[in-house]
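K.L.:
Turn this into a model:
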Amino acid sequence: MTRYAFTADSEHEEIIEHEEDTGNHDSTASAIRACIARSAELQQECDELEAHVEELQRERDERVAELQQTVERLEREKRMIIEQRDETETLQRYVEEEQTFRRASLGTRLRWWIFGMDD
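P.N.:
As a prediction, this is how the structure comes out:
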(Lines give C-alpha, C1' and ligand atoms only; values in the text may rest on other atoms or scores of the structure.)
Protein backbone atom coordinates (compact mmCIF):
# COMPACT_ATOMS: atom_id res chain seq x y z
CA MET A 1 0.00 0.00 0.00
CA THR A 2 1.33 3.44 -0.96
CA ARG A 3 1.65 6.00 1.81
CA TYR A 4 0.45 9.55 1.29
CA ALA A 5 1.07 12.63 3.35
CA PHE A 6 -1.16 15.64 2.83
CA THR A 7 -2.52 18.68 4.56
CA ALA A 8 -6.28 18.71 4.94
CA ASP A 9 -8.15 21.99 4.89
CA SER A 10 -10.73 22.70 7.58
CA GLU A 11 -13.66 21.36 5.53
CA HIS A 12 -11.87 18.06 4.97
CA GLU A 13 -10.83 17.91 8.63
CA GLU A 14 -14.49 18.14 9.63
CA ILE A 15 -15.40 15.31 7.26
CA ILE A 16 -12.57 13.12 8.58
CA GLU A 17 -13.46 13.89 12.20
CA HIS A 18 -17.10 13.10 11.52
CA GLU A 19 -16.09 9.77 9.97
CA GLU A 20 -13.86 8.99 12.97
CA ASP A 21 -16.71 9.79 15.38
CA THR A 22 -19.43 7.85 13.54
CA GLY A 23 -17.43 4.96 12.07
CA ASN A 24 -15.58 2.09 13.67
CA HIS A 25 -12.03 3.22 12.90
CA ASP A 26 -8.84 2.54 14.81
CA SER A 27 -6.93 5.41 13.17
CA THR A 28 -7.27 8.58 11.18
CA ALA A 29 -5.85 6.77 8.17
CA SER A 30 -8.67 4.22 8.43
CA ALA A 31 -11.24 7.05 8.51
CA ILE A 32 -9.62 8.65 5.45
CA ARG A 33 -9.70 5.29 3.60
CA ALA A 34 -13.40 4.98 4.50
CA CYS A 35 -14.06 8.50 3.16
CA ILE A 36 -12.26 7.66 -0.07
CA ALA A 37 -14.19 4.39 -0.42
CA ARG A 38 -17.48 6.19 0.25
CA SER A 39 -16.53 8.82 -2.31
CA ALA A 40 -15.91 6.09 -4.91
CA GLU A 41 -19.28 4.46 -4.09
CA LEU A 42 -21.05 7.80 -4.38
CA GLN A 43 -19.32 8.53 -7.68
CA GLN A 44 -20.44 5.16 -9.06
CA GLU A 45 -23.98 5.78 -7.82
CA CYS A 46 -23.89 9.26 -9.39
CA ASP A 47 -22.71 7.79 -12.70
CA GLU A 48 -25.53 5.22 -12.61
CA LEU A 49 -28.10 7.90 -11.81
CA GLU A 50 -26.81 10.09 -14.65
CA ALA A 51 -27.14 7.15 -17.05
CA HIS A 52 -30.66 6.54 -15.77
CA VAL A 53 -31.53 10.23 -16.23
CA GLU A 54 -30.23 10.10 -19.82
CA GLU A 55 -32.38 7.02 -20.48
CA LEU A 56 -35.44 8.72 -19.00
CA GLN A 57 -34.78 11.83 -21.09
CA ARG A 58 -34.48 9.70 -24.23
CA GLU A 59 -37.76 7.93 -23.41
CA ARG A 60 -39.39 11.30 -22.71
CA ASP A 61 -38.19 12.70 -26.03
CA GLU A 62 -39.53 9.64 -27.86
CA ARG A 63 -42.89 9.97 -26.09
CA VAL A 64 -43.07 13.69 -26.89
CA ALA A 65 -42.39 12.93 -30.56
CA GLU A 66 -45.14 10.28 -30.55
CA LEU A 67 -47.57 12.70 -28.93
CA GLN A 68 -46.70 15.43 -31.42
CA GLN A 69 -47.43 13.03 -34.27
CA THR A 70 -50.73 12.11 -32.63
CA VAL A 71 -51.66 15.78 -32.23
CA GLU A 72 -50.82 16.47 -35.88
CA ARG A 73 -52.89 13.48 -37.01
CA LEU A 74 -55.84 14.54 -34.86
CA GLU A 75 -55.63 18.10 -36.17
CA ARG A 76 -55.70 16.78 -39.77
CA GLU A 77 -58.69 14.58 -38.92
CA LYS A 78 -60.43 17.53 -37.26
CA ARG A 79 -59.91 19.70 -40.35
CA MET A 80 -61.28 16.93 -42.56
CA ILE A 81 -64.35 16.51 -40.34
CA ILE A 82 -64.98 20.26 -40.34
CA GLU A 83 -64.63 20.37 -44.13
CA GLN A 84 -67.04 17.43 -44.47
CA ARG A 85 -69.50 19.11 -42.10
CA ASP A 86 -69.33 22.36 -44.08
CA GLU A 87 -69.81 20.46 -47.31
CA THR A 88 -72.77 18.57 -45.85
CA GLU A 89 -74.35 21.82 -44.61
CA THR A 90 -73.89 23.39 -48.05
CA LEU A 91 -75.50 20.39 -49.74
CA GLN A 92 -78.33 20.40 -47.20
CA ARG A 93 -79.06 24.09 -47.90
CA TYR A 94 -79.01 23.41 -51.64
CA VAL A 95 -81.44 20.50 -51.26
CA GLU A 96 -83.76 22.59 -49.06
CA GLU A 97 -83.73 25.44 -51.61
CA GLU A 98 -84.40 23.00 -54.43
CA GLN A 99 -87.29 21.43 -52.51
CA THR A 100 -88.71 24.88 -51.76
CA PHE A 101 -88.41 25.82 -55.42
CA ARG A 102 -90.16 22.60 -56.58
CA ARG A 103 -93.04 23.04 -54.12
CA ALA A 104 -93.59 26.68 -55.13
CA SER A 105 -96.25 27.59 -57.66
CA LEU A 106 -95.42 28.62 -61.21
CA GLY A 107 -96.11 32.31 -60.40
CA THR A 108 -93.84 32.23 -57.39
CA ARG A 109 -91.09 30.58 -59.38
CA LEU A 110 -91.44 33.20 -62.13
CA ARG A 111 -91.21 36.02 -59.55
CA TRP A 112 -88.12 34.38 -58.05
CA TRP A 113 -86.57 34.03 -61.48
CA ILE A 114 -87.14 37.74 -62.20
CA PHE A 115 -86.43 39.30 -58.80
CA GLY A 116 -84.39 36.64 -57.09
CA MET A 117 -85.26 34.29 -54.30
CA ASP A 118 -85.45 35.72 -50.74
CA ASP A 119 -83.32 33.85 -48.22
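K.L.:
going forward, measure contacts and count neighbours with C-alpha atoms only.
P.N.:
OK.
K.L.:
for the chain, what spans make up the helices?
P.N.:
Applying DSSP state H to the chain gives helices spanning 10-22, 28-103, 106-115.
K.L.:
what's the distance between the residue nearest to residue 118 when sequence neighbours are not counted and residue 84?
P.N.:
What sits nearest to residue 118 in space, not counting adjacent residues and going by C-alpha to C-alpha, 6 or more residues apart in numbering, is residue 112, at 7.9 Å. Using C-alpha to C-alpha, to the nearest Å, one gets 30 Å for the distance from residue 112 to residue 84.
K.L.:
same deal with residue 73?
P.N.:
16 Å.
K.L.:
what's the answer for residue 70, then?
P.N.:
Look at residue 70 and residue 84: by C-alpha to C-alpha, they are 21 Å apart.
K.L.:
go on, residue 96?
P.N.:
Distance from residue 96 to residue 84, by C-alpha to C-alpha: 18 Å.
K.L.:
got it, and residue 9?
P.N.:
Counting by C-alpha to C-alpha - residue 9 and residue 84 are separated by 77 Å.
K.L.:
Can you give me the buried ones in stretch 54-64?
P.N.:
Of all the residues in stretch 54-64, not one is buried under the rule 16 or more other C-alpha atoms under 10 Å.
K.L.:
For the protein, list the residue farthest from the centre, please.
P.N.:
Within the chain, the residue lying farthest from the chain centre (C-alpha atoms, centre = their mean) is residue 107, at 66.4 Å.
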